[in-house]
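A.B. asks: Sequence and computational prediction follow.
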Amino acid sequence: MNMRLYEMCTLLAAGENSVAEGSSTLGSLVQHLVAAVVFSAMGLLVFGAALWIANRFAPFSLRKELEEDQNTAVAIIIGASMIGVSIIIAAAIHG
């Protein structure tokens, strides 16, 4: 692996990048697509888990407060916490 990397670096330094471009274009695209799908799935799972935890540990029924009582304050708190979780997930994915 290290020898292959060394050879590619020497080829790129010499200006012969046609070998490196042709072999890695499709592979790089597939790798990025797979990573995007995996990170999206993981992000949705963490997002759902955070919502479940908020619903589980709330001292009242979130569904009742939001749907029946139309409690705007609870909606704002839940929405803000979900935005916070989304920002944390995005930062983790972005690196």
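C.D. replies: Good, I have the coordinates.
A.B. asks: mind showing which ranges of this protein have poor pLDDT?
C.D. replies: 1-23, 95 (pLDDT under 70).
A.B. asks: max-length helix in it?
C.D. replies: helix 18-57 (DSSP state H).
A.B. asks: Mind listing what's buried along that one?
C.D. replies: Residues 43, 50 are the ones in helix 18-57 that count as buried (16 or more other CB atoms under 10 Å). All C-beta atoms are positioned from the backbone trio N, CA, C, and that covers glycine.
A.B. asks: what helices or strands is it leaning on?
C.D. replies: helix 2-14, helix 62-63, helix 72-94 (3 or more CB pairs under 8 Å, 6 or more residues apart in numbering; DSSP states H and E).
A.B. asks: Give me the contact list for the second one.
C.D. replies: For helix 62-63, the surrounding residues in contact (CB atoms under 8 Å, 6 or more residues apart in numbering) are 54-55, 74, 78.
A.B. asks: Select, from the residues you listed, the two members most distant in space.
C.D. replies: 55 and 74 (11.2 Å; CB to CB).
A.B. asks: can you tell me the distance between the two ends of stretch 54-65?
C.D. replies: 13 Å (CA to CA, to the nearest Å).
A.B. asks: where's it relative to the chain centroid, distance-wise?
C.D. replies: 27 Å (CA atoms, centre = their mean, to the nearest Å).
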